[in-house]
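Q: Quick check, what structure comes out for this input:
(one chain, ligands or ions: 2)
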Amino acid sequence: KMQEAAEYNMKMHPMWQGPLAVPGGDRQSPIDIIVQRSIIDSELKPLVTEYDPHTCQQIWNNGYSFLVEYDDTTDKSTLKGGPLQDKFRLCQFHFHWGETNAWGSEHTVDRRLFPAELHLVHWNSDKYSLFEEAVMEDNGLAVIGVFLKVGKRHEGLQKLVDALPAIRHKDSVVEFTRFDPGCLLPSNIEDYWTYHGSLTTPPLTESVTWIILKQHIEVSHDQLAVFRSLLFTSAEEEVQKSMVNNFRVQQPLRGRTVRSSFT
Ligand SMILES: COc1ccc(C[C@@]2(O)NC(=S)NC2=O)c(OC)c1
Ligand SMILES: [Zn+2]
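A: Residues are numbered from 1 along each chain as shown. Ligands and ions are numbered 1, 2, ... in the order given. You can find the predicted model right below:
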């Protein structure tokens, strides 16, 4: 059912009408993280996030997810440490989710699916001066992946949920300020898996150091239901399609190693 949902979406949604694969792509995302095959790397450092809520600018529906965008013209909201050698600048975060709570995440852990997954996207500002440059380089991006589970209401998320009705349609945007993305991180960010992969939508560029947190966050059923009230389609289109199942099918590991920062 989940596989069908993903394949239906990838067949029907304009996002996927282009090439579905990167010729010769051997570091594609997402993947299933097989815990017992991950290699504990004691040299992996703790993640250091320094997010300035004042760099938050807008929230918009891009027709595949909704993005909260940050001013990345200075090093005000950054990520360093973990597996990273350089300092990375936060540029946006977005989510992937299913039509039901039974699936929706892009990565899985021992085949376990989560109802949604948060991606906090950062680019290497030590080596590059623009996101557009960094996205083309194999050490260009660092994305923190956080699994969402359905449970108690997430107070920090509610400000974002309340903004969603204003961006129901593709290409709608509203001002969104003073949001601290740190409030979406779980208490434990020391335990994570990391591997080299790609964007999970076209152009599927293989420029991402993935950092998948072991600890999930909890959001309420109703909060997740508001995600599903968004639309893939713009206001002009006759047939409105609800924004659900905006995740990619899993990709072969191709001999890659997934490292873990914990035992
Ligand atoms: C050209 O630059 C792009 C294009 C697509 C995405 C979105 C996505 O493919 N990447 C992740 S991560 N999840 C996704 O859905 C992007 O995000 C950084 C950057
Ligand atoms: Zn994503």
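
Q: okay, now the residue in the stretch 51-200 of the chain that ligand 1 sits nearest to: neighbour count?
A: When distances are taken as CB to the nearest ligand atom, the stretch 51-200 of the chain reaches nearest to ligand 1 at L199, 3.5 Å away. For glycine as for every other residue, the C-beta is placed from the backbone atoms N, C-alpha and C. As a burial measure, L199 scores 20 neighbours (other CB atoms under 10 Å).

Q: Repeat that for V239.
A: V239 - counted by other CB under 10 Å - has 5 other residues nearby.

Q: Then E175?
A: Quick note: E175 (other CB under 10 Å) scores 10 neighbours.

Q: Flag every residue of the stretch 151-263 of the chain that's near ligand 1.
A: L199, T200, T201, P203 (CB under 6 Å from any ligand atom).

Q: For the residues you listed, give me TSV that also has pLDDT and secondary structure.
A: Below are those laid out as TSV (pLDDT from 0 to 100; DSSP: H, G, I helix; E, B strand; the rest coil):
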residue	pLDDT	secondary structure
L199	97	coil
T200	97	coil
T201	96	coil
P203	94	coil
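
Q: Go through those and name the one nearest T108.
A: Relative to T108, the closest of those is T200; by CB to CB it sits at 13.0 Å.

Q: quick one, phi psi at the closest one?
A: For T200, the backbone dihedrals (degrees, to the nearest 10) come out as phi -110, psi 10.

Q: Settle this for me: it is touching V249, isn't it.
A: No: using CB atoms under 8 Å, T200 is not in contact with V249, being 9.7 Å away.

Q: Please identify which of the two sits among more neighbours.
A: Per other CB under 10 Å, whichever of T200 and V249 has more neighbours is T200, with 24 against 15.

Q: what secondary structure does the closest residue to the more buried one other than its chain neighbours sit in?
A: Sequence neighbours aside, R248 is the residue nearest to T200 in space, at 4.4 Å (criterion: CB to CB, 6 or more residues apart in numbering). Three-state call for R248 (DSSP: H, G, I helix; E, B strand; the rest coil): coil.

Q: Then the one 5 residues further on?
A: Using three-state DSSP, the structure places L253 in coil.

Q: now swap in D222 and tell me
A: Recorded secondary structure, D222: helix (three-state DSSP).

Q: shift numbering so it begins at 42
A: Will do, 42 is the new start, and the previous item becomes D263.

Q: That one and ligand 1: what is the separation?
A: Per CB to the nearest ligand atom, to the nearest Å, D263 is found 24 Å from ligand 1.

Q: Quick one: low-confidence residue ranges for the stretch 92-241 of the chain.
A: Along the stretch 92-241 of the chain, the model assigns pLDDT under 70 to no residue.

Q: Can you show me the helices along it?
A: Ranges of helices within the stretch 92-241 of the chain are 172-175, 196-204, based on DSSP state H, counting those that start in this stretch.

Q: Apart from its chain neighbours, what residue comes closest to I253?
A: In space, I253 is closest to G186, 4.3 Å off (CB to CB, 6+ apart).

Q: if I pick the one you found, what's in contact with it?
A: By CB atoms under 8 Å, 6 or more residues apart in numbering, the contact list for G186 reads E147, H148, E158, L159, H160, W251, I252, I253, L254.
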